[in-house]
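Q: Structure of the sequence below:
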Amino acid sequence: MNIVMKTALIAAAALGMTSAAQAQDFTGPRAEVRVGFDSLDLNVQKGVNVDGASYGVAVGYDVALAPRVIVGMDAAIDGSSADDTFAGALKVDARRDIEIGARIGYVLTPSVMVYGRGAYSNARVGIDLGNRDLGSQINEGWRVGGGAEFALSRNLYAKGEYRYTNYNQNIERHQGLVGLGVRF
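A: You can find the predicted model right below:
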């Protein structure tokens, strides 16, 4: 199943959880936990693609620019279970991912906001060749994505999000995430 299909299924599941939602003010401080699908593609090495689960936490703050337009900043740290060994010798292990970003959203209904986002990402990827640990590479890059946030109650929300990251060493990452958060 490709990443677009997985992301669509995650977003549909999050949408299904909003049936009892109340109106939510999409502004103020927020904190969330999230999990999802993580796919790391080392384009330098053709055919080296590792998949796994992504999991993490984020904090942010949103303000209204207009009655239906929301902008916000956030910071997050995620881990990943994505790792694999290729040709019996090359082991790739996705490790932590730190992000600092911004988003702009549009409130469709009192309980649904869609948004686009951009972020700086700093990720560690471990590489072993044979029995030799080559250590962790630090990869920096830019992330773009989008998603939807759904009010579950006045302060509780669920979200579905797709993220694409292009790192400096010709490495790409695709992620489809669902999250659960609270506004303070």
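Q: how far is whichever strand or helix holds D78 from where the chain is centred?
A: Using DSSP states H and E, D78 sits in strand 69-80. Distance of strand 69-80 from the chain centroid (C-alpha atoms, centre = their mean, to the nearest Å) equals 8 Å.
Q: Over to stretch 94-106?
A: Offset of stretch 94-106 from its chain centre (C-alpha atoms, centre = their mean): 6 Å.
Q: any low-confidence regions in the chain?
A: 1-24, 44-47, 86-89, 130-136 (pLDDT under 70).
Q: Go again with 50.
A: Along the chain, the parts satisfying pLDDT under 50 run over 15-22.
Q: ok, back up a step: mind giving me the packing neighbours of the strand holding D78?
A: Contacts defined by 3 or more C-beta pairs under 8 Å, 6 or more residues apart in numbering; DSSP states H and E place strand 69-80 against strand 28-42, strand 48-66, strand 90-109, strand 112-129. Just so you know, the C-beta spots here come from the backbone N, C-alpha and C atoms, and that holds for glycine as well.
Q: and G79, what does it touch?
A: Shown in contact with G79 (C-beta atoms under 8 Å, 6 or more residues apart in numbering): 54-56, 95-97.
Q: Tabulate those in CSV, adding columns for neighbour count.
A: Output for those, formatted as CSV (neighbours: other C-beta atoms under 10 Å):
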residue, neighbour count
S54, 23
Y55, 15
G56, 20
R95, 16
R96, 14
D97, 25
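Q: Format the helices and strands packed on strand 69-80 as a markdown table; extra columns: distance to D78.
A: Listed next are the helices and strands packed on strand 69-80 as a markdown table, based on distance: least, C-beta to C-beta, whole Å:
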| stretch | distance to D78 |
| --- | --- |
| strand 28-42 | 8 |
| strand 48-66 | 3 |
| strand 90-109 | 4 |
| strand 112-129 | 9 |
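Q: right, and the ones you listed - which one's nearest G160?
A: Across the helices and strands packed on strand 69-80, G160 has its closest neighbour in strand 28-42 (8.8 Å, C-beta to C-beta).
Q: Next, the angle strand 90-109 makes with the closest one.
A: In terms of direction (axes from the mean of the first three to the mean of the last three C-alpha atoms, to 10 degrees), strand 28-42 departs from strand 90-109 by 140 degrees.
Q: ok, G101 to G126 distance?
A: 24 Å (C-beta to C-beta, to the nearest Å).
Q: Settle it for me: which of the two has more neighbours?
A: G101 (21 against 15; other C-beta atoms under 10 Å).
Q: before we move on, the earlier item: figure out which of the helices and strands packed on strand 69-80 is closest to Y157.
A: Here strand 28-42 is closest among the helices and strands packed on strand 69-80 (C-beta to C-beta), at 7.8 Å.
Q: Pull out the buried residues from that closest one.
A: 30, 32, 34, 36-42 (16 or more other C-beta atoms under 10 Å).
Q: List just the nearest of those residues to N155.
A: Ranked by distance to N155 (C-beta to C-beta), the buried residues of strand 28-42 are led by R30 at 9.1 Å.
Q: Cool, thanks, signing off.
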